[in-house]
Each structure stands twice: as structure tokens, then as C-alpha cells.
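Undergrad: okay, predicted coordinates and the sequence, questions at the end:
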Amino acid sequence: MREILDKISTGLLIILMTVMVLSALLQVTARVFGFSAPFTEELTIYSMMWVTLFGSAYTFGIRKHISIDILEPQLSERNQHRLRIAIEGVILVFTFLILIFGGVRFSWITAKLGQVSAVMNVPKWYVYLALPLSGLIVILYSILNIKDELNNKEA
Amino acid sequence: MNYDEIAILVLSFLILIAIGVPITVSLALSSLFTLLVNVVFISATTTVAQRMINGLDSFTLLAIPFFILAGQIMNTGGIAQRLIDFAKALVGPVRGGLLFVNVLACTLFGAISGSAAASASAVGSILNNKMKDEGYDPGITAATNVVASTTGLIIPPSNILIVYSLAAGGLSIGALFLAGYLPGFLLSLALIVTSYVVAVRKNYAKGEGWSGTVVWKTFVGAFPSLMLLFVVMGGIIAGYFTATEASAVAVLYTLILSMIYKELDIPKLKSILVNSSVTTAIVLLLVATSSSMSWVMSYGNLPEAISTGVLSLTENPVMVLVLINLILLFVGVFMDITPAVLIFTPIFLPLAESLGIHPIHFGMIMVLNLCIGLCTPPVGNLLFVGASVAGISFQRLVRPLLPLYVVMLVVLVLVTMVPGISMWLPTLFGF
């Protein structure tokens, strides 16, 4: 399960990063040689937003987001497991409330207002949908992380 | 903002980070809890989500992932090795020369890559073992490496100065970048002097004799890498590139260079892209969640309240700067530099400006100050990178770091008290 999720996430990130770099380079080239590629600015920014959100989901999966590691080493092994599960629980609260609930509602409001991007005319809620979509990946990773903790405790 | 809201904001944030919840999640949740005092549940969650995504909607921010990517490419390509060879030919022959090489290589790497963590790991991983073999204490080596790599945050290009420019409401990045050179070099110089004192006391070895031919040869080797400095910074200062465009060009340049050095293949490139997107996500999710907290604070008029509070204590600019510095030192110990800059710039900058302090000068003070926090536990990002590259526990680094903290504080005091150190270059170039 984790392997599949990792493959999907890293594959998506490689594509998004590549799009971001190529689109920015196209913009510089366009300006230097005097032709115009007005969509590049939006494309680059939107791919950065997606890299941030989907990259964050993957980073939650591998537990690389910055945190303070002072409490955990002081606890017994048993309590360390409990603490890590509790932290995953807080991450789940954040994901449900803000990324998914807040994200869906924000995308929905934007869709209802009919906001489109200035140059590409893309409905903006497509872009904002990355909030709940990345949230779903965070939830899957969180469940996997909790399951790993529970399995380790038995071992 | 009334006392209840401030208490909720501060306490929920501190409790969450203390138990080990990722800082970015703590920022978002404590913003949400604070909003819930006055705003209904559905609107509060929507507002936090909206502020997060709006915080990312900026062309300037794009320079950050590009500089991160360029730094990662340099880290695997032969660029770091060539810079180290050049530094070694230049300063290696002195007593304790390898410490100097460490400082100089971190400074050079920071000056072309813009990423302190990349510079700590690139230089550290190449030099640490060699220095251990030659009798250098691994703790001292790693401590020097950690502090020297902070110069990468001050010497341009610098991601944190880009974040500061945004937080300060769109300050010229060219001017900020120029301002960073002298404070950054001052810190390197101070570190080199300290290293010399350490080297003499510990009686460290001298390197091989100084040779003009070797210097020239290694300079030629490092030249294409150093050229990047002129392309990126020259382009920005001359107004030919924006910071974002320059950073994209830096990616292309490092990519081509690593391909010429034959140090890059497709699997390596893939892992570079994934690693860069993880680093980008860590930094930019902090930017997103900090924007929601910063919004909650300004929605509650907290910046004005703090301004009034400080000004009622003293209106002497020096005293105010001392006070702000003390608060930031405390903040830096518990908060990563990116959220600290995004959250505290809107609070302290208007106060500093009202006392006649230039926003560029203030940016240098703030970044230099928060760099100290990056080298201290418990949230010392660079400290942990440095320790893990050296393969020792960070506790072993704390003692050799003590004199270096003093060095950083001295440089901070100088930069705070002498505006010219920050303002001379930007003024010279007409910003």
C-alpha cells in the first residue's frame, strides 16, 4: 500500500517540478527573444502550489515536516508509540478540518462565484482542489503510519 | 484581539509544538482555534484554508523552490568539490587551515546556492572525514560547519531574504540581496578569526605549502561555478532578471554544468527532483500556514497593540532594537526562521520604521538574529543537518558551539548598531 502511494506521490512530484521549471524557463526565453507566452506565469505559480500541497502530503508520509523532538526521547518505548499515534491524530484533525473541510468549502465558494484565472481562463477552483486532494493522501499516509506504530508495539 | 484570544493562540501553539506536532500543523490549528472565538466553525476552517492558499499565490515565492533545486543539483554535481578544492588551495596552508576551508567553502557555496542546509551538508559531507583524519575534533569541525553555513542565508541569493521581502510588503529583492553581502562576509571573517584562535590553542596541523599554480588551477576548475554568482546576482542587480527568473536560470546553469561534469544521470535527477519537492513543501507549507497565523494576528490588531506596548516602555530607537532583538532571539529558539520572519515582520517592522530604521537594515538584523536560533536546540534546523552529516549527536555540538554563539552575537550587535554595514552597498548601487 505504502509503496503504491509513494510511487504515485513521487511520480506526481517529478512531473509537477518539471512543469514548473520548464514553464519558468519558457517565460525567461520568451522575454529575452521578445515573443510572448503569457500563460507561463500562472502555470508556474499553480504548479508550485500543487508541489507544495502534494509534496507536503508525501512529507507527512515520511515524517519529514519540522517538529520539536524534546518530549519523545524522555518517554518509555510504550509511551513513545502512544505519543507518535497521538501526533498522527492531531495531523488528522488538521487534515480533516482545514485541508478537506475548509478546502472543499473554499473550492465550492470559488466555483459558485465563477472565478477564473486572468490569463489561462482556468476555473480557479481546479487549482484549489489540491487542498482536499492532498488531504486525502495525508489521511492515507497517517493511517499507514498509525498502523506501523501499532504493529511495532506488538513486536 | 483580547487577552483570551492571545492566550488561546500562544498556548495552543506552544502545547502543540511541545508535544512534537509538526510546526506547520501547529501554526494552522492554533490560528483556527483563535478564530473560533469570534467566527463560526465553517467560516473559520474556510478562512484558514483560503489564507493558506493565498499565501502561496506569489510569483516571487517561486524563487525559493528554484534555488532549492539548484542547491540540490550542486550538492550532487561536482560543484561543491571544486569550490572546496579552490578554498583549500587558497587558505589551506595556514595553521588550522581546514577550518578556514570549511568556513570559506560554506560561504562560497552559500553565495551561489542560496540554501544554508544544502551548504552545511555539501561541505560537511566532503570535509568531515578528511578533517577527522588530520586530527581535528569532530565536534569543532561540525560546529564551525553549522555556523558558517548560516552565511548562506545572509549572503545572496537567499531564500529567507525573499520571504522577508514578501513579509515587508514587497521590498526590492535586489536591494536586500546587495545589503546581505557585508553582514555575511563580516560573519565569515569573524568565524575565520575564531577558527585561527582555536587552531593555535589546539595546535592543529598546517596544510601543504602555498602554491600559486595550485591556486590558479583550482580557480580555473571552480570558475564555471563561480560564474553562476555573476549570472544570478549580476542579472538581478542590473535589473535584467527578476529574482524568480534568475533562480530558474540558476537551475538550468547548474543542470548543464553537472551534465558536463558527468555527475548526473536520470535516476539521480529523479531523486533530486523528489528531494527538492520535499524541501520545497516543508518551507512553503510553513509559508502557507504562517500566512494564516499572520492574518489572524493582524485581523485582531495585534501588531498595533504590541507597537503601542513597546513604545509605552521606551521610544529610544536603540533600546527598542535591543528589546526586539531579545524577543527575536527567544523566538528563534522555538520557531523555524521562515515562520518567524513571516509572523514577526508585520509586528516589528512598522514599529522599527516609525523610529526611523530602514526596512532593509531591519531585515538584516532580523535574519542574522534568527540565524542564531537555527544553530540552537530544540528547533535548530542547521544544527541537526550539521550533526547528522558529521554522524555525531547534536548534544556533542553544543559545547563547541558556545564560543561561536558569542561570535554571532557580536556580529549581530555590530550590524544592529551600524546601519552602514547593511545600507552601504544598496545605496552605492542607487537603490
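TA: Looks like it came in fine.
Undergrad: would the helix or strand containing residue A:49 count as contacting chain B?
TA: Element membership for residue A:49 (DSSP states H and E) is helix A:39-61. Yes - Helix A:39-61 comes into contact with chain B (Cβ under 8 Å from any Cβ of the partner chain), by way of A:41, A:44-45, A:48-49, A:51-56, A:58-60. From N, CA and C alone the C-beta is placed, and that goes for glycine too.
Undergrad: name the helices or strands packed onto the helix or strand encompassing residue A:7?
TA: In this assignment (DSSP H and E), residue A:7 forms part of helix A:2-33. Where contact means 3 or more Cβ pairs under 8 Å, 6 or more residues apart in numbering or on different chains; DSSP states H and E, helix A:2-33 is packed against helix A:39-61, helix A:130-154, helix B:63-76, helix B:243-260, helix B:266-299.
Undergrad: so for residue B:392, which of these sits nearest?
TA: Nearest to residue B:392 among the helices and strands packed on helix A:2-33 is helix B:63-76; the distance by Cβ to Cβ comes to 20.6 Å.
Undergrad: that closest one versus helix A:2-33: what angle between them?
TA: Angle, helix B:63-76 to helix A:2-33, by axes from the mean of the first three to the mean of the last three Cα atoms, to 10 degrees: 110 degrees.
Undergrad: mean pLDDT lowest where, among the helices and strands packed on helix A:2-33?
TA: Note on the helices and strands packed on helix A:2-33: lowest mean pLDDT is at helix B:63-76, with a mean of 87.
Undergrad: quick check: residue B:215 touching residue B:91?
TA: No - shown here, residue B:215 and residue B:91 do not form a contact pair, counting by Cβ atoms under 8 Å, at 10.1 Å.
Undergrad: between these two, which has more neighbouring residues?
TA: residue B:91 (22 against 15; other Cβ atoms under 10 Å in any protein chain shown).
Undergrad: just checking, the more buried one touches residue B:98?
TA: No - between residue B:91 and residue B:98 there is no contact under Cβ under 8 Å: 9.1 Å.
Undergrad: what is the three-state secondary structure of residue B:342?
TA: Under DSSP: H, G, I helix; E, B strand; the rest coil, the three-state class of residue B:342 is helix.
Undergrad: residue contacts, it?
TA: B:163, B:166, B:167, B:286, B:287, B:290, B:291, B:294 (Cβ atoms under 8 Å, 6 or more residues apart in numbering or on different chains).
Undergrad: my read: the first one touches residue B:288, true?
TA: No - using Cβ under 8 Å as the test, residue B:163 is too far from residue B:288 to be in contact (12.0 Å).
Undergrad: who's in contact with the closest residue in space to residue B:54 that isn't next to it in sequence?
TA: Distances taken as Cβ to Cβ, 6 or more residues apart in numbering or on different chains put residue B:291 closest to residue B:54, at 6.9 Å, once the chain neighbours are dropped. Neighbour list for residue B:291: B:51, B:52, B:54, B:55, B:342 [criterion: Cβ under 8 Å, 6+ apart].
Undergrad: not counting its neighbours along the chain, what's nearest the second one?
TA: In this structure, residue B:52 finds its nearest non-sequential neighbour in residue B:288, 4.0 Å apart by Cβ to Cβ, 6+ apart.
Undergrad: which strands and helices lie in contact with the helix or strand containing residue B:408?
TA: Using DSSP H and E, residue B:408 maps to helix B:395-417. Judged by 3+ Cβ pairs under 8 Å, 6+ apart, the packing partners of helix B:395-417 are helix B:138-149, helix B:173-202, helix B:317-334, helix B:359-374, helix B:381-390, helix B:419-428.
Undergrad: mean pLDDT lowest for which of these?
TA: Looking at the helices and strands packed on helix B:395-417, the weakest mean confidence is helix B:381-390, a mean of 85.
Undergrad: flag every buried residue along that one.
TA: B:381, B:382, B:383, B:384, B:385, B:386, B:387, B:389, B:390 (16 or more other Cβ atoms under 10 Å in any protein chain shown).
Undergrad: what about it and chain A, any contact?
TA: Yes - Helix B:381-390 reaches chain A (Cβ under 8 Å from any Cβ) through residue B:381.
Undergrad: of all of the stretch 301-431 of chain B, which residue lies closest to chain A?
TA: Residue nearest to chain A within the stretch 301-431 of chain B (Cβ to the nearest Cβ): residue B:378, separated by 4.7 Å.
Undergrad: do the stretch 51-200 of chain B as well
TA: For the stretch 51-200 of chain B, Cβ to the nearest Cβ, closest residue to chain A: residue B:56, 4.9 Å.
Undergrad: hang on, isn't that residue packed against residue A:52?
TA: Yes - taking contacts as Cβ under 8 Å, residue B:56 lies within contact range of residue A:52: 5.9 Å.
Undergrad: who has more neighbours, the two?
TA: residue A:52 (31 against 21).
Undergrad: that one reaches residue B:279, doesn't it?
TA: No - counting by Cβ under 8 Å, residue A:52 does not reach residue B:279; the two are 11.1 Å apart.
Undergrad: list the contacts of whichever residue of the stretch 251-400 of chain B sits closest to chain A.
TA: Residue of the stretch 251-400 of chain B nearest chain A, by Cβ to the nearest Cβ: residue B:281 (3.0 Å). The contact partners of residue B:281, taken as Cβ under 8 Å, 6+ apart, are A:51, A:52, A:53, A:54, A:55, A:56, A:58, A:59.
Undergrad: repeat that for residue B:264.
TA: B:73, B:76, B:77, B:255, B:258.
Undergrad: tell me the backbone dihedrals of it, please.
TA: phi -130, psi 130 (degrees, to the nearest 10).
Undergrad: how close does it get to residue A:14?
TA: 15 Å (Cβ to Cβ, to the nearest Å).
Undergrad: now swap in residue A:106 and tell me
TA: Distance, residue A:106 to residue A:14, by Cβ to Cβ: 28 Å.
Undergrad: go on, residue B:57?
TA: Counting by Cβ to Cβ - residue B:57 and residue A:14 are separated by 23 Å.
Undergrad: do the same with residue B:220
TA: Distance from residue B:220 to residue A:14, by Cβ to Cβ: 35 Å.
Undergrad: in terms of neighbours, single out the busier of those two.
TA: residue A:14 (17 against 11).
Undergrad: quick one, what contacts the more buried one?
TA: Residues counted as contacts of residue A:14 (Cβ under 8 Å, 6+ apart) are B:270, B:273, B:274, B:277.
Undergrad: could these go into JSON lines alongside neighbour count?
TA: Below are these laid out as JSON lines (neighbours: other Cβ atoms under 10 Å in any protein chain shown):
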{"residue": "B:270", "neighbour count": "15"}
{"residue": "B:273", "neighbour count": "22"}
{"residue": "B:274", "neighbour count": "20"}
{"residue": "B:277", "neighbour count": "30"}
